[in-house]
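K.L.:
model this:
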Amino acid sequence: MSDLTYFDYAATTPVDPRVLAVMLPYFDETFGNPSSIHRHGQRAEAAVEAARETVAAALNCRPDEIVFTSCGSESDNLALRGEALAMRAKSGADWILTSRAEHHAVSKTAEQLEKYFGFKVEWLETDEFGMLAPETVEKALCSETALVSVMYANNEIGTLNPIAEIAAICRAHGVPFHSDAVQAAAYLPVDIQTLNVDLLSLGAHKFYGPKGVGALYVRKGTAILPVQTGGGQESGRRAGTQNVPYIVGFAEALRLTVAERDQRAAHARPLRDQIIGRVLEEIPESRLTGHPELRLPNHASFAFKDVDGNLLLTLLDAAGFACSSGSACKTGNPEPSEVMAAIGLEREWGLGSLRITLGAATTPAEVEAFLKVLPGLVQKARVLKAINA
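P.N.:
Okay, the predicted model is just below:
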């Protein structure tokens, strides 16, 4: 859509043409099932294993520690369910530690494990920036803790968590630690040896790969119960015929991301800072959500008092800008998202959230055009909300 400026790269990214190019042969030329013994299958299997090696090199881990999945959400689900069930079977541990600021793929999975599987969940408190302190995790750990899950970077407000420090604490207590790095991988280092996590979730479409493919890093020796059973794919940890072209695309997208990460961050950061500075200066009753410094380099997020976030998105879309909001639903009586509640925003602020996320193709001219129209649209949204109140 040439008439629409895209500022929603945290939701998804376009597929890099270089990624698409390496995927295409596996739709028609090398189309075999990787589990088949004949040469068609052998070639497909070789492509999957080459991709596994590429991903392992990007994460600085072993190829047999990579499990390919259908997306980041499935990776989160496998990590929480698989690890929680395995730990309970192994030691009887049945406590899960996480926070309400997590992506729903983590928080809703934790809720289901509590409601239907008998686990106990302790919801750890974050600070006003949505950051979880290592000492908060350490105080909550006990001999019954089965798993700790803390995201690397928050998708909604951009805040970075001190993952390596939390991982070190969990390691010292012998508790498995999972981190959702789906949003982080596009811009932050994902070296497993530095992060020291036991499980790490990734999704390709956040860093210019295809939708419908993800990966879960599982440290060797970490017990995990497969939650999708059937064939013996992925070393018995995730059954189902491997999606060869998408796995190949995932690996290439991650390889390019690691190679170009610094360049992409350097491009986005000054544009992000321009947006943050201008919005806070020019729009009354606005505040930055998330940490002012320890945040994703392409991520700017705000709360506007007495604004309907979904209405603001509609006005922005009509003006030619695609953004997103933290409001939980599009119809009925919207409520602030769980993240807005976790950071302590009152309802009149939490409903007026706006997320602007930049990409490799974002230009200074697009940012300037956006900043020219945003103040007027926020004011219009306030007037319309007052009229409809």
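
K.L.:
What's the local residue count around D273?
P.N.:
12 (other C-beta atoms under 10 Å). All C-beta atoms are positioned from the backbone trio N, CA, C, and that covers glycine.

K.L.:
For it, list the residues it contacts.
P.N.:
Shown in contact with D273 (C-beta atoms under 8 Å, 6 or more residues apart in numbering): no residues.

K.L.:
from here on, count from 14
P.N.:
Taking 14 as the first residue, the last one we looked at is D286.

K.L.:
Check which helix or strand it maps to.
P.N.:
Assigned by DSSP states H and E, D286 falls within helix 257-295.

K.L.:
what separates that helix from the chain centre, distance-wise?
P.N.:
13 Å (C-alpha atoms, centre = their mean, to the nearest Å).

K.L.:
likewise stretch 301-315?
P.N.:
Using C-alpha atoms, centre = their mean, the offset of stretch 301-315 from its chain centre is 15 Å.

K.L.:
same thing with stretch 308-318?
P.N.:
How far stretch 308-318 lies from its chain's middle: 15 Å, per C-alpha atoms, centre = their mean.

K.L.:
Extract the CA atoms of stretch 111-121 and return them as PDB.
P.N.:
Taking C-alpha atoms only, stretch 111-121 is exported to PDB below (Å, rounded to 0.1, in the frame of the first residue of the first chain):
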ATOM      1  CA  THR A 111       6.500 -14.800  35.500                       C
ATOM      2  CA  SER A 112       4.800 -11.400  35.300                       C
ATOM      3  CA  ARG A 113       1.700  -9.700  33.900                       C
ATOM      4  CA  ALA A 114       3.900  -7.700  31.500                       C
ATOM      5  CA  GLU A 115       4.700 -10.800  29.400                       C
ATOM      6  CA  HIS A 116       3.300 -11.500  26.000                       C
ATOM      7  CA  HIS A 117       0.000 -13.500  26.200                       C
ATOM      8  CA  ALA A 118       1.800 -16.500  24.700                       C
ATOM      9  CA  VAL A 119       3.500 -16.700  28.100                       C
ATOM     10  CA  SER A 120       0.900 -15.300  30.500                       C
ATOM     11  CA  LYS A 121      -2.100 -17.100  29.100                       C
END
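
K.L.:
where's it relative to the chain centroid, distance-wise?
P.N.:
11 Å.

K.L.:
how about the helices in the protein?
P.N.:
For the chain, the helices defined by DSSP state H cover 30-36, 38-41, 52-72, 85-104, 117-130, 147-153, 176-185, 205-208, 257-295, 322-332, 351-355, 360-363, 377-401.

K.L.:
what's the closest non-adjacent residue to A123?
P.N.:
In space, and not counting its chain neighbours, A123 is closest to V134: 4.8 Å by C-beta to C-beta, 6 or more residues apart in numbering.

K.L.:
Show the contacting residues for the residue nearest to M353 when sequence neighbours are not counted.
P.N.:
Nearest non-adjacent residue to M353, counting by C-beta to C-beta, 6+ apart: G363, 3.5 Å away. Residues in contact with G363, defined by C-beta under 8 Å, 6+ apart, are 316, 339, 349-350, 353-354.

K.L.:
Can you point out the buried residues in the helix holding D286?
P.N.:
Across helix 257-295, burial judged by 16 or more other C-beta atoms under 10 Å covers 257-271, 274, 277-278, 280-281, 284-285, 288-289, 291-292.

K.L.:
Next, count neighbours for K103.
P.N.:
11.

K.L.:
Quick check: closest non-adjacent residue to it.
P.N.:
Once flanking residues are discounted, K103 sits nearest to A236: 5.9 Å by C-beta to C-beta, 6+ apart.

K.L.:
same thing with F132?
P.N.:
Nearest to F132 is L126, by C-beta to C-beta, 6+ apart, at 4.3 Å.

K.L.:
May I have stretch 324-335 exported as PDB, CA atoms only?
P.N.:
This file holds the C-alpha atoms of stretch 324-335, laid out as PDB (Å, rounded to 0.1, in the frame of the first residue of the first chain):
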ATOM      1  CA  LEU A 324     -10.000   5.600  17.700                       C
ATOM      2  CA  LEU A 325      -6.600   7.200  17.400                       C
ATOM      3  CA  LEU A 326      -5.400   4.200  15.400                       C
ATOM      4  CA  THR A 327      -8.300   4.700  13.000                       C
ATOM      5  CA  LEU A 328      -7.600   8.300  12.600                       C
ATOM      6  CA  LEU A 329      -3.900   7.600  11.900                       C
ATOM      7  CA  ASP A 330      -4.800   4.900   9.400                       C
ATOM      8  CA  ALA A 331      -7.100   7.400   7.600                       C
ATOM      9  CA  ALA A 332      -4.200   9.900   7.600                       C
ATOM     10  CA  GLY A 333      -1.900   7.200   6.000                       C
ATOM     11  CA  PHE A 334       0.000   5.800   9.000                       C
ATOM     12  CA  ALA A 335      -0.200   2.200  10.400                       C
END
